[in-house]
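Engineer: Have a look; sequence and predicted model below, questions after that.
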Amino acid sequence: MRDDELDVTDVHQRARTGPVPEDRAIDAAVDSAYRRARDRHDGAVADYIPVLAGADPDAFGLCVADVDGGLHEAGQTRVPFSIQSISKAFAYALLCEAVGHHEVRELVGVNSTGLAFNSVIAIEMNDGHPMNPMVNAGAIATTALLPGGSPDGQWRFLHEGLSRFAGHELILDDEVYRSESGTNQRNQAIAALLHSYGRMRTDPAEAVDVYTRQCSLRVDARDLAVMGATLADGGVNPLTGDQVVSADVCRDTLAVMAASGLYQTSGEWLFEIGLPGKSGVAGGLVTVAPGKVGIGAYAPRLDAAGNSVRGQVATAYLARSLGLNIFASASHFHREDTP
Ligand SMILES: NC(=O)CC[C@H](N)C(=O)O
């Protein structure tokens, strides 16, 4: 979305200097971001997974978790929804931690496709390579490479790892899992296509099943903020103190999120907001300001690429007003921008 579509042309873009913004500044920014974004009613709730169509289109929650463990919330931050594609970023981090940077880069890739998240054309155009872990092909390939020794072992590994990012045990939403399992022929086709190119090390149908379970884990906006803050804090969950992954893995994961986290609109997102982010079709959005905060948003109305409209609007406001954009510097002679 452009800056006028994000409603931030009137917001002064602060430079990203200094420490984590103060609690009061974050509270005020969360409140303003929430009120601005709440006025937006454009976009559509996803319905290609039938159960998602039943979401309340007006649900909206926004939470910032800072690396000191502070939570700053507005709206419905405890309303549960399925994590969907946001799980891809955390599954990727867990795989990098288990297998290592180089092997994952070779097998899954790090370049964006410029195409929709469930594109089959991207696979065909790239000699069967899944391209990156933020689109379905790369995410299914990522899940297939996880340790665990069997689909159930991989699921346990994922479930435990994603729960550690959130700081408590995440629950599988059975209704979402069943709804998606009955309608995920396209993901099965993607896995079969990767298999035909010799890119799947496990049974493609089993990999899709573990991936579908992964996408059906239930989170809320607060969970997403804490999961993001863990990536912002060198892999340490700021609520539990648990080192979930290494700082090196966080850096690699954030780079891939920056390049491809919002699918074919990742360039626009980086241009306007300047932070690594990852969206999901249920309406979740996680954004990471390295060394500072994680931002979790939930609002089910999506733009044409499948990204939450209110989530993007609220995050754009937070990035600008709190000086989170990683590309925004100020001359060191003029430090009045320092929060
Ligand atoms: N963009 C998304 O959130 C897509 C995730 C969804 N489970 C799918 O595979 O289609």
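Structural biologist: Received the coordinates, thanks.
Engineer: Would you mind listing what in this structure touches the ligand?
Structural biologist: Within the chain, the positions adjacent to the ligand are Gln84, Ser85, Phe117, Asn118, Asn136, Glu180, Asn187, Cys215, Gly280, Val281, Gly306 by Cβ under 6 Å from any ligand atom. In this view, the C-beta of every residue, glycine as well, is placed from N, C-alpha and C.
Engineer: Closest one to Ile26 out of these, please.
Structural biologist: Of all the residues of the chain next to the ligand, the one with the least separation from Ile26 (Cβ to Cβ) is Gly280, at 23.7 Å.
Engineer: how would you label the closest residue to that closest one other than its chain neighbours: helix, strand or coil?
Structural biologist: Counting by Cβ to Cβ, 6 or more residues apart in numbering, the nearest residue to Gly280 once its immediate chain neighbours are dropped is Gln84, at 3.2 Å. Three-state call for Gln84 (DSSP: H, G, I helix; E, B strand; the rest coil): coil.
Engineer: thought Gln84 was touching Val286?
Structural biologist: No - applying Cβ atoms under 8 Å, one finds Gln84 not in contact with Val286, separated by 11.2 Å.
Engineer: Let me know how buried the residue nearest to Gly280 is, in neighbour terms.
Structural biologist: Gln84 sits with 26 neighbouring residues when counted by other Cβ atoms under 10 Å.
Engineer: Next one: it, what pLDDT does it get?
Structural biologist: What the model reports as pLDDT for Gln84 is 98.
Engineer: Show me the strands in the stretch 1-150 of the chain, by range?
Structural biologist: Secondary structure of the stretch 1-150 of the chain (DSSP state E, counting those that start in this stretch): strands at 44-45, 61-66, 71-75, 81-82.
Engineer: quick revisit: mind listing which of the residues of the chain next to the ligand are in helices?
Structural biologist: Among the residues of the chain next to the ligand, the members found in helices (DSSP state H) are Asn136, Glu180, Asn187, Cys215.
Engineer: Quick check: the farthest pair among those residues?
Structural biologist: Longest span within those, Cβ to Cβ: Asn136 and Glu180, 11.8 Å.
Engineer: Which residues are in contact with Gln243?
Structural biologist: The neighbours of Gln243, taking Cβ atoms under 8 Å, 6 or more residues apart in numbering as the test, are Gly235, Val236.
Engineer: By mean pLDDT, which helix or strand of this protein comes out lowest?
Structural biologist: In the chain, the helix or strand scored least confidently by mean pLDDT, DSSP states H and E is helix 101-108, which has a mean of 87.
Engineer: Show me what that one packs onto, helices and strands only.
Structural biologist: With contacts taken as 3 or more Cβ pairs under 8 Å, 6 or more residues apart in numbering; DSSP states H and E, helix 101-108 sits against helix 86-99, helix 136-145, helix 247-260.
Engineer: Out of those, indicate the one that is most buried.
Structural biologist: Burial of those is given as mean neighbour count (mean count of other Cβ atoms under 10 Å); helix 136-145 ranks first at a mean of 27.
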